[in-house]
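S.K.: I'll drop the sequence and a predicted model, then ask my questions.
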Amino acid sequence: MQLVLWDIDHTLIATRGVGREIFGECFEQVTGQVMKEQAAVDGMTEPVIFRETAKLHGIDSDRSMFEAFARCSAEQHLLRASELRERGHALPGAAAALAAVAARGDVVQSVVTGNIRPVAEIKLGVFGLDAHIRFPCGGYGEDHDERAELVRIAIRRTSQALGTPITVTQVLLIGDTPADVAAGLDNGVRVLAVGSGRSSTAELRKAGATAVVDGLNDLGPLLRALSRH
């Protein structure tokens with residue numbers, strides 16, 4: 001078996017501002033302050049984004065504050081699911097890529113994402129991209145601050161679910177930021193970097209990705225990466 005670990009935002013979907021609006025609403029609800037600016041989000045996990053955004057507003061946050069924020073975020077994503085569907089979209093080729101990998105039959109697909117798990121499930125479900133994802137096998141923002149550790153968590157959870165060890169040589173990580181690439185390299189797994197986010201393909205190559213593509217419309221590099229295992 002092989003394990004494909006997908007990033008979500010800007011790799012499979014785009015929320016077109018809905019995610020940021022929800023973040024701002026929940027930040028204000030939890031901290032009592034209007035969010036004037038948000039910390040860097042690309043490749044970061046939700047606890048880190050929340051903590052750094054709080055710092056920008058002079059707030060020394062703790063874990064309980066983040067957990068309250070996370071509950072609010074899950075509730076708001078659910079309440080605004082129809083708006084997310086209307087304003088956001090699945091990225092070109094995402095559905096076909098997930099289906100093509102699933103058709104192989106020898107691959108488990110899950111996610112490594114900075115989102116908390118309830119939000120990850122809502123985001124992919126809204127755009128019909130959840131059918132092939134084994135969410136219990138993934139690594140999520142609430143699990144750890146560092147993305148590299150989320151990769152290790154996902155590998156461990158998948159191994160436990162399958163009842164057999166998954167080695168790093170069996171893993172392909174797919175993401176759109178240098179942080180995704182770094183998380184993969186830190187674990188010795190192959191990384192397919194997708195230039196569908198804010199990072200250029202040149203930046204992703206420089207970061208050390210195993211392979212780089214402009215988007216998921218061309219399934220060739222993805223299927224070749226799996227075939228080379």
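M.R.: Received, thanks.
S.K.: show me the contacts for A14.
M.R.: Residues in contact with A14 (CB atoms under 8 Å, 6 or more residues apart in numbering) are 88-89, 91. (C-beta placed from N, C-alpha, C; glycine too.)
S.K.: phi, psi of it?
M.R.: The phi and psi values for A14, taken as degrees, to the nearest 10, are phi -130, psi 130.
S.K.: From G139, how far off is it?
M.R.: The gap separating A14 from G139 is 21 Å, by CB to CB, to the nearest Å.
S.K.: Low-confidence ranges, the chain, go.
M.R.: With pLDDT under 70 as the threshold, the chain has low-confidence stretches at 229.
S.K.: Could you pull out the helices in it for me?
M.R.: Listed from the start of the chain, the chain has helices (DSSP state H) covering 18-31, 46-56, 63-79, 81-87, 94-104, 117-126, 147-162, 178-187, 201-207, 220-227.
S.K.: Can you add distance to D7 and give these back as JSON lines?
M.R.: Formatted as JSON lines, the entries for these read as follows, by distance: least, CB to CB, whole Å:
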{"stretch": "helix 18-31", "distance to D7": "14"}
{"stretch": "helix 46-56", "distance to D7": "13"}
{"stretch": "helix 63-79", "distance to D7": "17"}
{"stretch": "helix 81-87", "distance to D7": "18"}
{"stretch": "helix 94-104", "distance to D7": "11"}
{"stretch": "helix 117-126", "distance to D7": "10"}
{"stretch": "helix 147-162", "distance to D7": "9"}
{"stretch": "helix 178-187", "distance to D7": "5"}
{"stretch": "helix 201-207", "distance to D7": "12"}
{"stretch": "helix 220-227", "distance to D7": "14"}
